[in-house]
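Engineer: coordinates only, sequence not included:
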């Protein structure tokens, strides 16, 4: 989640190819620190090196273009991006300085996505029943303290594991955030359920277990009535995180470390 958040924050500053913007270097540095790229200061360049074989690998230059080079060396990229006068008297070097297509992998947002993918690859995404129980307990503790940010963070972890998606805007109610499992019936109509709903202003947490059609006005009204407490939820308050825990253990069969 942190990796995705950093990528989303940095992406608007990078811009599309041909559009020059001032890159959010601080955020990109944080993202790179979570990746296998290692910082190297060469001349006036901030380089990040991912070694693939001795002395050779992939190198990102942290500047407004955010170029990512492959199958090259730190010395080569340093000479091309920040040449000294003595290096520019060599015709081969001049060609390399003027044209980097022989080593350029990508740049800009594409390079940012590449670093994001490499950072994700380093994560140990395995989890076992104990991990899920701890997640549920942390969610319950945050809910008991009415710490809405921590509750949302715990919910998002379960949402990610279960593959739930944001419920369509047409079915949202007041200040609630809603996630659910999306499926389609035999006619191709989208059904959402279970639906997890949380109001961070009132610290209200409820669940509708049976599938609901968000496009159906009648079922949208039922969703709204449950959210507003006019109809009984299938699970609510302190019963929601135990429900999510059981859903994960029942459907995902976690791998024990």
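Structural biologist: Thanks, I have it. In this text the structure is predicted, and so the values were computed from the model without any measurement.

Engineer: those helices in the stretch 101-250 of the chain, which residues are they?
Structural biologist: 108-121, 129-144, 148-162, 217-227, 240-251 (DSSP state H, counting those that start in this stretch).

Engineer: How about the contacts made by the closest residue to residue 61 other than its chain neighbours?
Structural biologist: Among residues not flanking residue 61 along the chain, residue 67 sits closest, at 5.2 Å (Cβ to Cβ, 6 or more residues apart in numbering). C-beta coordinates here come from the backbone N, C-alpha and C atoms, glycine included. For residue 67, the contact set (Cβ atoms under 8 Å, 6 or more residues apart in numbering) comprises 60, 61, 100, 104, 106, 107, 111.

Engineer: Is residue 49 in a helix, a strand, or coil?
Structural biologist: Assigned by DSSP: H, G, I helix; E, B strand; the rest coil, the conformation of residue 49 is strand.

Engineer: That one bridge partners, please.
Structural biologist: Counting by DSSP bridges, residue 49 forms beta bridges with residue 38, residue 59.

Engineer: now swap in the one 4 residues further on and tell me
Structural biologist: Each beta-bridge partner of residue 53 is listed here: residue 56, as defined by DSSP bridges.

Engineer: any idea how far it is from residue 151?
Structural biologist: Going from residue 53 to residue 151 by Cβ to Cβ, to the nearest Å gives 47 Å.

Engineer: cool, and residue 189?
Structural biologist: To residue 151, residue 189 is 31 Å away according to Cβ to Cβ.

Engineer: When the two are compared, which one has more neighbours?
Structural biologist: Neighbours were counted for residue 189 and for residue 151 using other Cβ atoms under 10 Å; residue 151 has more, 24 against 13.

Engineer: if I pick the more buried one, what's in contact with it?
Structural biologist: Neighbours of residue 151 in contact, by Cβ under 8 Å, 6+ apart: 139, 142, 143, 198, 200, 203, 205.

Engineer: For the closest residue to the fourth one other than its chain neighbours, report the pLDDT, please.
Structural biologist: It refers to residue 198. Nearest in space to residue 198, with sequence neighbours left out and distances taken as Cβ to Cβ, 6+ apart, is residue 205 at 5.1 Å. Looking at residue 205, its pLDDT is 96.

Engineer: Now for residue 205, how many residues are close by?
Structural biologist: The number of residues packed near residue 205 is 23, by other Cβ under 10 Å.

Engineer: how about it, what does it touch?
Structural biologist: Residues near residue 205 by Cβ under 8 Å, 6+ apart: 143, 151, 196, 197, 198, 199, 236, 237, 240.

Engineer: hmm, try it at 10 Å
Structural biologist: Residue 205 makes contact with 139, 143, 151, 155, 176, 196-199, 233, 235-241, according to Cβ atoms under 10 Å, 6 or more residues apart in numbering.

Engineer: Quickly note the distance from the nearest residue to residue 150 once chain neighbours are set aside to residue 155.
Structural biologist: Excluding the flanking residues, the one nearest residue 150 by Cβ to Cβ, 6+ apart is residue 142, at 3.5 Å. Using Cβ to Cβ, we find residue 142 at a distance of 10 Å from residue 155.
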